[in-house]
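Asker: fold the stuff below for me.
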Amino acid sequence: MIFSKSCSTFLWLCLVIVACFALQGCAYDNQTSTLVVDASDLSGRPIPDTLFGIFFEEINHAGAGGLWAELVNNRGFEAGGTQVPSNIAPWTIVGHESAIFLQTELSSCFERNKVALKMDVVCENCPSGGVGVSNPGFWGMNIVQWKKYKVVFFVTSTGSLDITVSFRKNEDGGILASRNIKASASEVSNWKRMETILVADASCSNSSLYLTTTKKGVIWLDQVSAMPVDTYKGHGFRSDLVNMLLELKPAFLRFPGGCFIEGETLRNAFRWKDSVGPWEERPGHFGDVWSYWTDDAFGYFEGLQLAEDIGARPLWVFNNGISHTDEIDTRVITPFVQEALEGIEFARGAATSKWGSLRASMGHPEPFDLKYVAIGNEDCWKKNYRGSYLAFYYAIRHVYPDIQIISNCDASSKPLDHPADIYDYHTYPLDSQIMFNNARVFDKTPRNGPKAFVSEYALIGNKQAKFGTLLGAVSEAGFLIGLERNSDHVIMASYAPLFVNAYDRKWNPDAIVFNSDQVYGTPSYWVQLMFRESNGATLLRSQLQTPDPNFVAASAILWKNPQDKKTYLKIKVANVGNKQVNLKISLNGFESSNTTKPAKTVLTSADALDENSFANPKKIVPKRNPLQSYSNEIYEILPPVSLTVFDLLKNQ
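Answerer: The predicted model follows:
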């Protein structure tokens with residue numbers, strides 16, 4: 001076949017175009033974004049070592065049925081309220097109703113949680129499997145073969161006790177572990193604490209705890225607990241969830257809320273004094289904002305302990321006399337101020353002080369390193385906030401002058417009208433472009449006032465964020481790059497919410513998703529992980545020249561690896577657009593070491609709205625590969641909707 005010269009030229013052009021797309025070129029109509037990085041010794045400024053941390057709130061069953069490893073739901077039978085008889089859900093009867101009668105009574109030995117369960121066993125010849133009660137925990141207990149579980153309960157009886165404690169499969173009732181407990185009538189004539197260790201013979205992620213008997217008589221039960229023995233550091237935290245936190249290397253832990261500390265009404269607000277001391281004596285409360293009961297086993301002490309365990313600074317948010325629907329007048333706020341001061345003493349006081357001695361009795365004689373407190377949550381616009389805030393501020397400043405005090409009022413665009421060390425900023429946009437462009441929020445904020453704490457941020461909404469999409473995560477990455485750039489003013493930031501139990505999605509999306517036996521990170525989790533080296537690093541001067549500033553953002557840092565003591569250059573580039581980007585990186589004043597090959601790590605997927613799931617937990621995770629070529633000029637193609645991190649070892 002013979003072609004003319006013009007025809008041949010046309011075919012050649014077509015081949016070039018095809019090859020161009022095959023090689024992932026031709027991005028943005030061949031326009032190139034250029035990032036110039038000044039990596040000389042005189043460039044840059046330090047990033048606060050507090051910049052990126054985490055925020056824990058009791059929402060989505062994050063603690064009760066999640067991070068706190070207690071398997072029993074409503075262990076004290078208090079969730080139905082103090083009016084008896086009351087609902088004891090999720091406890092259910094074992095055996096036919098003609099064989100056993102259940103009711104609640106205010107007969108417990110615990111003064112602050114008086115509800116107990118009375119089991120009147122009336123069968124003369126009870127079934128061989130026994131009658132009693134069972135508890136499925138939080139959507140099924142995860143029981144693992146050969147693993148040990150400590151079961152504790154309080155009991156009294158009209159006669160001798162013969163009770164079987166067991167874990168059974170919900171599907172077919174198969175026994176996974178079992179232990180028989182006996183006691184004479186005199187031993188259980190008054191309330192007695194019982195404890196046993198169950199070792200599982202098999203595994204099942206959908207199991208229940210059973211307490212059964214074949215003996216006629218009346219038994220009262222209260223404060224029934226089942227915990228795996230191998231919690232993180234023996235402190236009661238679910239190890240697989242803590243490991244997810246450790247990977248983030250968080251600088252701080254903000255806790256325990258959020259709206260959880262406010263309550264819809266003050267009656268149901270979180271109060272720290274009710275969450276400390278022996279677990280069986282804590283009254284628990286109904287978290288009416290997120291609509292579930294918590295026994296407050298993950299309380300104030302546990303938050304402080306968790307922060308210490310993961311190497312993070314504790315940041316305590318306390319109730320300031322304001323809820324979503326009612327508030328205390330500033331003229332009578334003094335008892336709340338005193339409660340806050342006593343809470344700080346609990347954390348920081350000597351073991352000989354009143355509240356420090358309570359902390360010591362709980363196993364922590366040394367003070368916790370509490371240096372940050374937030375006075376309320378999202379309350380700036382409330383009637384009594386400013387007046388009450390000042391009462392808290394001056395009282396805390398007088399007794400603890402080193403504590404950094406955080407105001408709820410936003411000072412990003414106008415100065416505060418009251419003193420504060422730090423101000424709180426929250427952002428939950430519904431549009432990814434707004435999230436991405438929020439990187440510029442603090443560009444013009446005056447630097448002579450209090451510093452900023454972005455304590456809650458995330459892209460939300462059913463269209464773009466859903467349960468945690470790639471698009472949402474990359475838009476947040478662009479926002480975080482802006483926070484790095486403004487880290488002379490923004491000193492702290494944390495994503496929200498941190499956890500969600502897949503069976504109680506009160507809020508979406510979240511960073512970490514779990515059920516009884518599984519856990520995975522959403523793309524937003526992996527973005528946070530890709531920023532973890534920024535704390536305490538040096539932000540380098542860099543300039544991005546791009547035809548699409550609303551879609552591309554970049555930053556460069558130098559950070560020292562504490563393991564090998566070597567210094568690395570890390571360049572982060574977020575592309576929130578739906579087209580790939582030609583990127584040229586020019587490095588000035590940087591000499592790379594040949595001992596470690598440069599690498600790039602990319603977070604992306606085929607579809608911007610892709611999500612991770614239990615079926616495919618690593619569909620979207622960072623993938624690390626060596627750079628194919630390297631010099632002081634790097635040419636790369638950024639995929640659509642992606643976060644790319646370049647790592648280069650500095651010549652020492």
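Asker: residues in contact with Ser225?
Answerer: 70, 72, 75, 150-153, 279-280 (C-beta atoms under 8 Å, 6 or more residues apart in numbering). In short, each C-beta sits where N, CA and C put it, glycine included.
Asker: output the residues you listed as CSV; include the columns distance to Val37 and neighbour count.
Answerer: Listed next are those as CSV, based on distance: C-beta to C-beta, whole Å; neighbours: other C-beta atoms under 10 Å:
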residue, distance to Val37, neighbour count
Glu70, 49, 23
Val72, 55, 25
Arg75, 56, 26
Lys150, 54, 14
Val151, 58, 23
Val152, 58, 17
Phe153, 62, 23
Trp279, 53, 23
Glu280, 58, 22
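Asker: now secondary structure and distance to Lys600 too, for these, in CSV please.
Answerer: Formatted as CSV, the contacts of Ser225 follow (DSSP: H, G, I helix; E, B strand; the rest coil; distance: C-beta to C-beta, whole Å):
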residue, secondary structure, distance to Lys600
Glu70, coil, 43
Val72, coil, 47
Arg75, coil, 49
Lys150, strand, 47
Val151, strand, 50
Val152, strand, 51
Phe153, strand, 55
Trp279, helix, 48
Glu280, helix, 53
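Asker: ok, the residues you listed vs Val229, which is closest?
Answerer: Lys150 (5.7 Å; C-beta to C-beta).
Asker: my read: Lys566 touches Lys560, true?
Answerer: Yes. With contact defined as C-beta atoms under 8 Å, Lys566 and Lys560 form a contacting pair (7.2 Å).
Asker: quick one: which of the contacts of Ser225 is nearest Val552?
Answerer: Closest to Val552, out of all of these and judged by C-beta to C-beta, is Glu70, at 46.4 Å.
Asker: which helix or strand contains Ala395?
Answerer: Element membership for Ala395 (DSSP states H and E) is helix 385-399.
Asker: what pLDDT, on average, does the next helix or strand along the chain from that helix get?
Answerer: Of the helices and strands lying after helix 385-399 in sequence (DSSP H and E), the nearest is strand 404-407. For strand 404-407, the mean per-residue pLDDT is 98.
Asker: buried ones in the helix holding Ala395?
Answerer: 385-386, 388-389, 391-393, 395-396 (16 or more other C-beta atoms under 10 Å).
Asker: can you pull out the helices in the stretch 201-350 of the chain?
Answerer: 239-248, 259-262, 300-309, 334-348 (DSSP state H, counting those that start in this stretch).
Asker: pick the most buried one from the ones you listed.
Answerer: Highest mean neighbour count among these (mean count of other C-beta atoms under 10 Å): helix 259-262, with a mean of 25.
Asker: list the contacts of stretch 234-248.
Answerer: Taking C-beta under 8 Å, 6+ apart as the rule, stretch 234-248 contacts 52, 54, 66-70, 227, 230-232, 297-298, 302, 305-306, 309-310, 499, 512, 514, 519, 521, 525, 528-529, 532.
Asker: CA atoms only: put that stretch into PDB for me.
Answerer: The C-alpha coordinates for stretch 234-248 follow below in PDB (Å, rounded to 0.1, in the frame of the first residue of the first chain):
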ATOM      1  CA  GLY A 234      -2.700  -4.000  80.000                       C
ATOM      2  CA  HIS A 235      -4.500  -0.700  80.200                       C
ATOM      3  CA  GLY A 236      -7.800  -1.800  78.700                       C
ATOM      4  CA  PHE A 237      -7.400  -0.500  75.100                       C
ATOM      5  CA  ARG A 238      -8.000  -2.700  72.100                       C
ATOM      6  CA  SER A 239      -4.600  -3.400  70.600                       C
ATOM      7  CA  ASP A 240      -5.400  -3.400  66.900                       C
ATOM      8  CA  LEU A 241      -7.000   0.000  67.200                       C
ATOM      9  CA  VAL A 242      -4.200   1.500  69.200                       C
ATOM     10  CA  ASN A 243      -1.700   0.200  66.600                       C
ATOM     11  CA  MET A 244      -3.600   2.300  64.000                       C
ATOM     12  CA  LEU A 245      -3.000   5.300  66.200                       C
ATOM     13  CA  LEU A 246       0.700   4.600  66.800                       C
ATOM     14  CA  GLU A 247       1.200   4.500  63.000                       C
ATOM     15  CA  LEU A 248       0.100   8.100  62.800                       C
END
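Asker: all helices for the protein, in order.
Answerer: If DSSP state H is used as the criterion, the helices of the chain fall at 5-22, 239-248, 259-262, 300-309, 334-348, 354-361, 385-399, 432-437, 470-485, 523-530.
Asker: nearest to Ser33, of the ones you listed?
Answerer: helix 470-485 (13.6 Å).
Asker: by how many degrees do that closest one and helix 523-530 diverge?
Answerer: 30 degrees (axes from the mean of the first three to the mean of the last three C-alpha atoms, to 10 degrees).
Asker: just the buried residues of stretch 629-639, please?
Answerer: 630, 634, 636, 638-639.
Asker: what's the end-to-end length of that stretch?
Answerer: Taking C-alpha to C-alpha, to the nearest Å as the measure, stretch 629-639 stretches 18 Å from start to finish.
Asker: just how off-centre is that stretch within its chain?
Answerer: 36 Å (C-alpha atoms, centre = their mean, to the nearest Å).
Asker: now it: mean pLDDT?
Answerer: 89.
Asker: name the surrounding residues that touch it.
Answerer: By C-beta under 8 Å, 6+ apart, the list of residues contacting stretch 629-639 reads 24-25, 27, 552, 573, 575, 580-588, 590, 592, 597-598, 600, 602, 604, 627, 644, 646, 648.
Asker: what's the ChimeraX syntax to select whichever of the residues you listed are buried?
Answerer: Applying 16+ other C-beta under 10 Å to the contacts of stretch 629-639, the buried members can be selected in ChimeraX as follows:
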select :27,552,573,575,580,581,582,583,585,587,590,592,598,600,602,604,644,646,648
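Asker: and Leu470, what does it touch?
Answerer: Leu470 neighbours (C-beta under 8 Å, 6+ apart): 523, 603-605, 607-611, 620, 641.
Asker: which of the residues you listed sits closest to Ser184?
Answerer: Nearest to Ser184 among these, with distances taken as C-beta to C-beta, is Glu611, at 57.6 Å.
Asker: what pairs with the longest strand belonging to the chain, parallel or antiparallel?
Answerer: Counting residues, the longest strand found in the chain (DSSP state E) is strand 217-228. Here strand 217-228 is paired, per DSSP bridges, with strand 116-121 (antiparallel), strand 148-157 (antiparallel).
Asker: do you know which of the ones you listed lies nearest Ser323?
Answerer: strand 116-121 (30.0 Å).
Asker: then that closest one to PDB, C-alphas only?
Answerer: Extracted C-alpha coordinates of strand 116-121, given in PDB (Å, rounded to 0.1, in the frame of the first residue of the first chain):
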ATOM      1  CA  ALA A 116     -29.100  -4.700  89.700                       C
ATOM      2  CA  LEU A 117     -30.700  -7.600  87.800                       C
ATOM      3  CA  LYS A 118     -32.800 -10.100  89.800                       C
ATOM      4  CA  MET A 119     -33.000 -13.700  88.300                       C
ATOM      5  CA  ASP A 120     -35.700 -15.700  89.800                       C
ATOM      6  CA  VAL A 121     -35.100 -19.300  88.700                       C
END
